[in-house]
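Engineer: structure for the following, please:
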Amino acid sequence: MESAEYHSALAALAWQIELGADECIADAPVNRYAVPASAPRAARPKTPDTPQAVAPATAMPAGPDPVAVARDAAAAAQDLDGLRAALAAFDHCELKRGARNLVFSDGQPGARVMIVGEAPGRDEDMQGKPFVGRAGQLLDKMLAAINLRRHDSVYITNVLPWRPPQNRDPKPEEVAMMQPFLNRHIELANPDVLVIAGNHSCQALLGKRGITRLRGDWTEAQGKPALPMFHPAYLLRNPAAKREAWADLLSLQARLRDG
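Structural biologist: The predicted model follows:
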């Protein structure tokens, strides 16, 4: 057979298979009624009349709910040192495996002002303290402008205690997993007011996003008066927003002054 005829026949065969033909037949028709009943027929694989029972796949036992584990661990902490130890022992968050250090807190425990940021960055991950990079330096200047100091006037933490890879945004499931620790952190620190810095912090504590709309308006979070503000990192990228940030700082100063 010439090459062209061969490929033409092969294409025709492939087309018939595509149409559903799955059995070869003879060139001449066969009268099945004339075939003796005892004549053997082409052997086919024997199939059972009823389908074989398939053993159900064994379900893998479900692991513990990370949020429930976090809730129990946080509730068991009786003080800030105990809460830090509980966080260090918590192994259900994947962020922990890629981070250098646990970033728990900085500043003065028991201070009237507690600042809640979003997540550690590179500098925070290396030093194990929140707000120590460029954004942290700006935060210190902002606090100093209203006579507050990190070491004795404020207490600082983040929604997430471990750095997300490449400084990406926190995922909702990560925030939900760390939420019990954050709630207990605020309860144990017991500040007079909360400063909620950034969109992700607002989402965690207020259930809302849109910091440009939320900032400057006093609200309540975890039973405490709370002031949403721009994150210092946002101010580094958008210097024009420092005017609104200054107004928020003055509002915080007045709140502390008036009790």
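
Engineer: from here on, contacts and neighbour counts on C-alpha atoms
Structural biologist: Will do.

Engineer: helices and strands of the protein: which one bottoms out on pLDDT?
Structural biologist: helix 3-19 (a mean of 64; mean pLDDT, DSSP states H and E).

Engineer: so how far is stretch 249-256 off the chain centroid?
Structural biologist: What separates the centre of stretch 249-256 from the centre of its chain is 33 Å, taken as Cα atoms, centre = their mean, to the nearest Å.

Engineer: before we move on, the earlier item: quick one: name whatever helix or strand follows the least confident helix or strand of the chain.
Structural biologist: helix 66-76 (DSSP states H and E).

Engineer: okay, the angle between the helix or strand following that following helix and helix 66-76?
Structural biologist: Using DSSP H and E, the helix or strand that follows helix 66-76 in sequence is helix 80-89. Going by axes from the mean of the first three to the mean of the last three Cα atoms, to 10 degrees, helix 80-89 is angled at 160 degrees with respect to helix 66-76.

Engineer: show me what helix 80-89 is packed up against.
Structural biologist: Applying 3 or more Cα pairs under 8 Å, 6 or more residues apart in numbering; DSSP states H and E, one finds that helix 80-89 contacts helix 66-76, helix 172-189.

Engineer: now the shortest one and helix 172-189, what's the angle there?
Structural biologist: Helix 66-76 and helix 172-189 are oriented at 10 degrees to each other (the same axes, to 10 degrees).

Engineer: helix 66-76: which residues count as buried?
Structural biologist: For helix 66-76, the neighbour count (16 or more other Cα atoms under 10 Å) marks 66-67, 69-71, 73-74 as buried.

Engineer: nearest residue to the middle of this structure?
Structural biologist: Residue closest to the average C-alpha location in the chain (Cα atoms, centre = their mean): Lys171, at 2.2 Å.

Engineer: neighbours around Ala99, how many?
Structural biologist: 19 (other Cα atoms under 10 Å).

Engineer: can you pull the contacts of it?
Structural biologist: Residues near Ala99 by Cα atoms under 8 Å, 6 or more residues apart in numbering: 125, 162-164.

Engineer: ok, now with 10 Å
Structural biologist: Residues in contact with Ala99 (Cα atoms under 10 Å, 6 or more residues apart in numbering) are 120, 122, 125-126, 128, 161-165.

Engineer: these: which two are farthest apart?
Structural biologist: Maximum pairwise distance in these, criterion Cα to Cα, is 15.6 Å, between Gly128 and Pro165.

Engineer: look at the two and report which has more neighbours.
Structural biologist: In this view Gly128 and Pro165 are compared by other Cα under 10 Å, and Gly128 has more residues nearby, 21 against 13.

Engineer: mind checking pLDDT for that one?
Structural biologist: Looking at Gly128, its pLDDT stands at 97.

Engineer: okay, the closest residue to it other than its chain neighbours: pLDDT?
Structural biologist: Nearest non-adjacent residue to Gly128, counting by Cα to Cα, 6 or more residues apart in numbering: Val103, 4.5 Å away. For Val103, the pLDDT comes out at 98.

Engineer: count of residues packed around Val103?
Structural biologist: The number of residues near Val103, taken as other Cα under 10 Å, comes to 27.

Engineer: need phi/psi at it.
Structural biologist: Backbone geometry at Val103, expressed as degrees, to the nearest 10, gives phi -100, psi 100.

Engineer: could you dump the contacts of Ala99 into a markdown table and include secondary structure and distance to Ala240?
Structural biologist: Below are the contacts of Ala99 laid out as a markdown table (DSSP: H, G, I helix; E, B strand; the rest coil; distance: Cα to Cα, whole Å):
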| residue | secondary structure | distance to Ala240 |
| --- | --- | --- |
| Pro120 | coil | 24 |
| Arg122 | helix | 25 |
| Asp125 | helix | 29 |
| Met126 | helix | 30 |
| Gly128 | coil | 31 |
| Pro161 | coil | 30 |
| Trp162 | coil | 30 |
| Arg163 | coil | 28 |
| Pro164 | coil | 28 |
| Pro165 | helix | 29 |
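
Engineer: right, I'll call it a day here.
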